[in-house]
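1. quick one, structure for this:
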Amino acid sequence: MNMKSTKTILSLLAMSALFPQSTLAMEEGVSPSSSNGMPPLQALGREDISQTVLVTAKHILTQADKEKFYAMGVETILYAGDLSYYFYLPESLIHKISADDGVATLSQVDPSKRMEKESSGVLSVLSDDESIDVHVLFLKEMDRNEIDALLRRAGIEGSIMKVTPSLRSAKIRLTIRDYKKLSHQPLVQYMVIIEKLLATESVKLPLETRNLKIAKQSDVTPLWAAPYNLNGRNMRVGIVDGGSARTSHQEFGGRVYDRTGSGEVNMHSTHVAGTIGAAGVNPKARGMAKEANLYSYSFTDDAFSDAVLNMYQRDGILFSNHSYGYSLKERLGEYDSVAATQDMTVSNNPFLNIFEAAGNDGIDSSYSEYGIIKGPANSKNILTIGALDSTSDDVAELSSTGPVRDGRIKPDLCVRGEYVTSASSESDNSYVMMSGTSMATPAAVGMGTLVAQAYKRVTGGYDIRHDTLKAVLVNTAKDVANPGPDYKAGFGLIDAKAAVDTVLTIGAKNPKVNTSVIGHNATNTYRFSLESGADFKTTIAWIDPAADPSHLETLVNNIDMVLVNTESGKEYYPYTLDKAHPAALAVQSRPNDVDNIEQIEVKNLPAGTYELRVKGTKIVTDTQEYTIASSLPIFSTSNIETLKPSKIENFVRKIFLSTF
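-> The predicted structure is shown next:
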């Protein structure tokens, strides 16, 4: 980040001896700047004036390091990337913190870095008196009263529309002038302007004779019969959409619950609900999990993380479908504050499984070929779903593509999304055919629900963690588009049966799923032998802490995985992609320092003894949990008890600031 140097700050601190009534920075408001860009000096060293500074550490701060700073009087410590941390603290502590042996530099936060870069275009065309809606990410949890007090102290006349303390976020309506003022507030981490952002963009088609092929293409149909008998019974799925699914439709049998409060029935929502859980009265329209209970929510009430937390708190829902996104051409490939709050949501609630549509902008010639997935769908701790076409394993032309700005792979997976027959809202026995990533995503949700149902059976009723579900789905996916992962199809087409078969090995002597924990610079080793050559694929996934949206890199904790032949010393690396050449094939020549999903694949791995080495290359939290899924039974135990997986009751972990 482009910050003022610590020398400038320390020179001002030195002046405090001569000017005891001076201050380093603004007091909760906007004051005119001096000629050198620094605010005027007023009341430096006052205990009741707090400021945010950026501290670059000489090494990763351990929990003990943080506790030391907290004991000094630091109020908040939040990781900012590149070994830098936001410190919110009384100004009187700045000199003491800068003198600490573990601190390399200390600098001011540039207010412009608190605003999304795209906002400059909006600011240039709107007058200071025009109102906008803003999504604000704070450095710590703040309730409505605290935010209101902050605005009043700063002289900002804002209307607080929504507050989610656990996500450190709020939505505020205010003028452009006050938006600029808010960027100077020490407790603000990042802000994005919200306009008319949300829309469903699927394509309605005339009903034709083509059957619903999703279940066959993704090998779901065997799961409906013995010996699996998976149907989604007693599983709950939330659907956030433009309105409610038609609760009385013959395909739902009373299993759809309207939580919108408006009673307004919506075509798109009904179609989505049918793809997840239609009973199959019309065989073309049978859903993936025909006995699942479905709950309709409206994105006009709550969207993304707010909706996810609401459905958990109200209805105990762990799986959610989001077949909507930003309607404007903005934040393409960006990791914005809405994406960050989603990552925070799952990081603090690891049993939540969020599925989001990649978007349908691939068919729009005004977009680039790559890097056009918008904002929230670029979150790390969700499953972003692309669409395949109707006749082959090719990616549908309409499906939006990655990468994220730092080269991270998106979408994660894909499912057929063209010419999908499902329930219609027009009547209780009507159907419609539609296309889009909006249609692929609910199919993926339904498949994930069946995997979760199988996991419950084999573990005695436990809910599946997001990293476990992701590792299993990615490792068992069928490769499509380019060999290996790519920025159009992600890691490939979901293979539901292969995913369930992998989960069921948890109860076997040599499972194909392992969960564990790792710390900074630690290495976990998994040893196995092959008596004859075999194809080998393994995937590691972890729930990464939310990143600072103003920072280019979005990976916070970096785990590296390498497969080593202990006899020859040959090393096999995970796939990596090149964001500068997005159409290029994935390579396996170096560690992956970008994604929180890594996959090693070797065709015909020679006989021999091997070690799969997992290293915590950079773990800024004390430890990082992860899951590995393998195509071969390389583990002696699945370790499903290691992370003490929780059932639905009270699984929320209220650990926020201390984990960054």
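
2. how about the strands of the stretch 51-200 of the chain, start to end?
-> For the stretch 51-200 of the chain, the strands defined by DSSP state E, counting those that start in this stretch cover 76-81, 84-90, 103-108, 131-138, 159-164, 169-175, 188-194, 198-199.

3. which of the ones you listed sits closest to residue 331?
-> Taking Cβ to Cβ, strand 188-194 is the member of the strands of the stretch 51-200 of the chain nearest to residue 331, at 7.6 Å. Every C-beta, even on glycine, is put in place using the N, C-alpha and C of the backbone.

4. low-scoring stretches of the stretch 1-150 of the chain, by residue?
-> 1-48, 118-125 (pLDDT under 70).

5. can we see that at 90?
-> 1-50, 116-132 (pLDDT under 90).

6. please enumerate the helices of the stretch 151-300 of the chain.
-> Using DSSP state H, counting those that start in this stretch, the helices of the stretch 151-300 of the chain run over 176-182, 214-217, 267-277.

7. and of those helices, who's closest to residue 238?
-> Nearest of the helices of the stretch 151-300 of the chain (Cβ to Cβ): helix 267-277, 10.2 Å.

8. quick one: distance of the closest one to the chain centre.
-> 23 Å (Cα atoms, centre = their mean, to the nearest Å).

9. which residues are contacting the lengthiest strand in the chain?
-> The longest strand of the chain (DSSP state E) is strand 608-618. With Cβ atoms under 8 Å, 6 or more residues apart in numbering as the test, strand 608-618 has contacts from 60, 516, 518-530, 538, 540, 557-568, 591, 593, 600, 624, 626, 628, 634.

10. okay, domains of the protein per the record?
-> Per the record, the chain has its domains at 6-109, 114-194, 509-642, by automatic domain parsing.

11. which among the ones you listed is found nearest to residue 237?
-> Judged by Cβ to Cβ, the one of the domains of the chain that comes nearest to residue 237 is domain 509-642, at 20.3 Å.

12. now do that closest one, average pLDDT.
-> Domain 509-642 comes out with an average pLDDT of 95.

13. what's the answer for stretch 158-171, then?
-> The pLDDT scores in stretch 158-171 average 94.

14. mind listing what's buried in that stretch?
-> 158, 160, 163, 164, 165, 166, 167, 168, 169, 170, 171 (16 or more other Cβ atoms under 10 Å).

15. ok, stretch 276-285 next?
-> Buried, per 16+ other Cβ under 10 Å, within stretch 276-285: 276, 277, 278, 279, 281, 282, 284, 285.

16. before we move on, the earlier item: can you redo the strands of the stretch 51-200 of the chain as a markdown table with distance to residue 398?
-> Shown next, in a markdown table, are these (distance: least, Cβ to Cβ, whole Å):
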| stretch | distance to residue 398 |
| --- | --- |
| strand 76-81 | 34 |
| strand 84-90 | 40 |
| strand 103-108 | 45 |
| strand 131-138 | 27 |
| strand 159-164 | 32 |
| strand 169-175 | 30 |
| strand 188-194 | 25 |
| strand 198-199 | 14 |
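
17. do you know which of those strands lies nearest residue 480?
-> Among those, the nearest to residue 480 by Cβ to Cβ is strand 198-199 (27.4 Å).

18. run the chain-centre distance for the longest strand of the chain.
-> Chain-centre distance of strand 608-618: 26 Å, with Cα atoms, centre = their mean.

19. repeat for stretch 332-344
-> Centre to centre, stretch against its chain (Cα atoms, centre = their mean), the figure for stretch 332-344 is 7 Å.

20. and it, average pLDDT?
-> Averaged over stretch 332-344, pLDDT sits at 96.

21. repeat for stretch 397-411
-> 96.

22. buried sites along it?
-> For stretch 397-411, using 16+ other Cβ under 10 Å, the buried residues are 398-411.

23. okay, now that stretch: how far is its last residue from its first?
-> By Cα to Cα, to the nearest Å, the extent of stretch 397-411 from end to end equals 14 Å.

24. cool, and stretch 515-534?
-> Stretch 515-534: ends 24 Å apart by Cα to Cα.

25. same thing with stretch 73-91?
-> Stretch 73-91 has its terminal residues 10 Å apart, counting by Cα to Cα.

26. show me the contacts for the nearest residue to residue 282 once chain neighbours are set aside.
-> Nearest residue to residue 282, sequence neighbours excluded (Cβ to Cβ, 6 or more residues apart in numbering): residue 431, at 5.9 Å. Listed by Cβ under 8 Å, 6+ apart, the contact set of residue 431 reads 207, 282, 284, 285, 421, 422, 423, 424.

27. and which of those is nearest to residue 98?
-> Nearest to residue 98 among these: residue 422, at 60.5 Å, using Cβ to Cβ.

28. so where does that closest one fall, helix or strand?
-> Using DSSP states H and E, residue 422 falls within strand 420-423.

29. which elements pack onto that strand?
-> Using 3 or more Cβ pairs under 8 Å, 6 or more residues apart in numbering; DSSP states H and E, the elements in contact with strand 420-423 are helix 267-277, strand 431-435, helix 437-459.

30. dump these to JSON lines, plus mean pLDDT and distance to residue 500.
-> Output for the helices and strands packed on strand 420-423, formatted as JSON lines (pLDDT from 0 to 100; distance: least, Cβ to Cβ, whole Å):
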{"stretch": "helix 267-277", "mean pLDDT": "96", "distance to residue 500": "17"}
{"stretch": "strand 431-435", "mean pLDDT": "91", "distance to residue 500": "27"}
{"stretch": "helix 437-459", "mean pLDDT": "96", "distance to residue 500": "5"}
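
31. thinking again about what came up before, out of the helices of the stretch 151-300 of the chain, which one sits most buried?
-> Most buried of those, by mean neighbour count (mean count of other Cβ atoms under 10 Å): helix 267-277, with a mean of 31.

32. elements contacting it?
-> So helix 267-277, by 3+ Cβ pairs under 8 Å, 6+ apart, packs with strand 236-241, strand 293-298, strand 420-423, strand 431-435, helix 437-459.

33. in JSON lines: the buried residues of stretch 158-171, plus distance to residue 151.
-> Conversion of those to JSON lines gives the following (distance: Cβ to Cβ, whole Å):
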{"residue": "158", "distance to residue 151": "5"}
{"residue": "160", "distance to residue 151": "8"}
{"residue": "163", "distance to residue 151": "12"}
{"residue": "164", "distance to residue 151": "17"}
{"residue": "165", "distance to residue 151": "16"}
{"residue": "166", "distance to residue 151": "20"}
{"residue": "167", "distance to residue 151": "19"}
{"residue": "168", "distance to residue 151": "16"}
{"residue": "169", "distance to residue 151": "15"}
{"residue": "170", "distance to residue 151": "10"}
{"residue": "171", "distance to residue 151": "13"}
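
34. who's in contact with the strand holding residue 422?
-> Under Cβ under 8 Å, 6+ apart, the answer for strand 420-423 is 207, 210-212, 214, 245-246, 249, 251-252, 270-275, 278, 282, 284-285, 287, 430-435, 439, 443.

35. look up phi and psi at residue 129.
-> For residue 129, the backbone dihedrals (degrees, to the nearest 10) come out as phi -90, psi -10.

36. now residue 386
-> phi -100, psi 170.

37. residue 220 reaches residue 450, doesn't it?
-> Yes - contact criterion Cβ atoms under 8 Å: residue 220 and residue 450 qualify, at 7.1 Å.
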